[in-house]
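S.K.: I need the structure of the sequence given here:
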Amino acid sequence: MRPINEIIVHCTATPEGRPVTVAEIDSWHRARGWSGIGYHRVIGLNGERWAGRPLDKIGAHCEGHNERSLGVVYAGGVARDGKTAKDTRNAAQASALLAELVELRDRFNIKKLSGHNEYANKACPSFDASKVYDYLFEGRSKGFKPILDAVLKRRDFGPEVADWKDRLKAWRKTIPMAGPLLDGDAFDHNTEMTTILFQKSRGIVADGKVGPQTRSEMELALAGKPPFQALG
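M.R.: Numbering: from 1, shown residues only. Okay, here's the model as predicted:
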């Protein structure tokens, strides 16, 4: 099991009272180029507690904070006008979300809970999650510092870049491709372009950056396995 030390709470940003299913969220995220639903747990409109992406898999729910966190989302977060941010949790959802958080906290010895809005310029989850649930993590989060996802990108350099280039070269041996991929530890233009080609071949976001999802897909590719799918 991967190390987990934080829960990040989200909303689906759908109008108050609108049902949302795991399959629907999965389709939204696939349309973004992800490997399916990025959240690990989903709280339905009637208090359902559904499984999303497997807990042992890195999520795709909070940029820069996916590798060691769990993403939990509730259906709603927007008023009936479809625009205004609003805490739409009903009694059933509030109860289910609380139960989910306590269960995950105890199962993985979680140290901290945060709202998506603490790491991104957005209203999600439309309430102050860390304040509301602070009592659940009292004494655990003292001195907590989130561990940012390691990401390689253009103009980076060092042994991690050299290792990634070696992996790209190993992958390239399995497909016909022209163009040089130079030795060394610099993340240059050719490295970026080859990374994009790799990402496109695996059906993931092709941004030329090497984050958790791209690294995971490379492991699968070099092992001769198909791309990861969140819902199988």
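
S.K.: residue contacts, the residue nearest to the spatial centre of the chain?
M.R.: Residue closest to the average C-alpha location in the chain (CA atoms, centre = their mean): Ala60, at 1.8 Å. Taking CB atoms under 8 Å, 6 or more residues apart in numbering, we find Ala60 in contact with 29, 34-35, 38, 53, 66, 213. To be clear about C-beta, it is placed using only N, CA and C from the backbone, and glycine gets the same treatment.

S.K.: ok, 6 Å please
M.R.: The contact partners of Ala60, by CB atoms under 6 Å, 6 or more residues apart in numbering, come to 34, 38.

S.K.: Same check on Pro212?
M.R.: 58, 66-67, 149.

S.K.: Just the CA atoms of the helix or strand containing Arg107, as PDB, please.
M.R.: Using DSSP states H and E, the element containing Arg107 is helix 91-108. This file holds the C-alpha atoms of helix 91-108, laid out as PDB (Å, rounded to 0.1, in the frame of the first residue of the first chain):
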ATOM      1  CA  ALA A  91     -28.200  15.400   6.400                       C
ATOM      2  CA  ALA A  92     -27.700  12.000   4.800                       C
ATOM      3  CA  GLN A  93     -24.500  13.200   3.000                       C
ATOM      4  CA  ALA A  94     -23.100  15.000   6.100                       C
ATOM      5  CA  SER A  95     -23.600  11.800   8.100                       C
ATOM      6  CA  ALA A  96     -22.100   9.600   5.400                       C
ATOM      7  CA  LEU A  97     -19.100  11.900   4.800                       C
ATOM      8  CA  LEU A  98     -18.300  12.000   8.500                       C
ATOM      9  CA  ALA A  99     -18.400   8.200   8.700                       C
ATOM     10  CA  GLU A 100     -16.200   8.000   5.600                       C
ATOM     11  CA  LEU A 101     -13.600  10.400   7.000                       C
ATOM     12  CA  VAL A 102     -13.400   8.600  10.400                       C
ATOM     13  CA  GLU A 103     -13.100   5.200   8.700                       C
ATOM     14  CA  LEU A 104     -10.300   6.400   6.400                       C
ATOM     15  CA  ARG A 105      -8.600   8.300   9.300                       C
ATOM     16  CA  ASP A 106      -8.400   5.200  11.500                       C
ATOM     17  CA  ARG A 107      -7.600   2.800   8.700                       C
ATOM     18  CA  PHE A 108      -4.600   4.700   7.400                       C
END
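
S.K.: Direction included, what does the helix or strand just after that helix pair against?
M.R.: Per DSSP H and E, helix 91-108 leads on to strand 112-115 as the next helix or strand towards the C-terminus. Strand 112-115 sits in its sheet next to strand 6-11 (parallel), going by DSSP bridges.

S.K.: Only alpha carbons, please: show the strand it pairs with as PDB.
M.R.: Output in PDB follows, covering the C-alpha atoms of strand 6-11 (Å, rounded to 0.1, in the frame of the first residue of the first chain):
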ATOM      1  CA  GLU A   6      -3.800  13.300   4.100                       C
ATOM      2  CA  ILE A   7      -7.500  13.400   3.000                       C
ATOM      3  CA  ILE A   8      -8.600  16.100   0.500                       C
ATOM      4  CA  VAL A   9     -12.300  16.800   0.400                       C
ATOM      5  CA  HIS A  10     -14.000  17.800  -2.900                       C
ATOM      6  CA  CYS A  11     -17.400  18.500  -4.400                       C
END
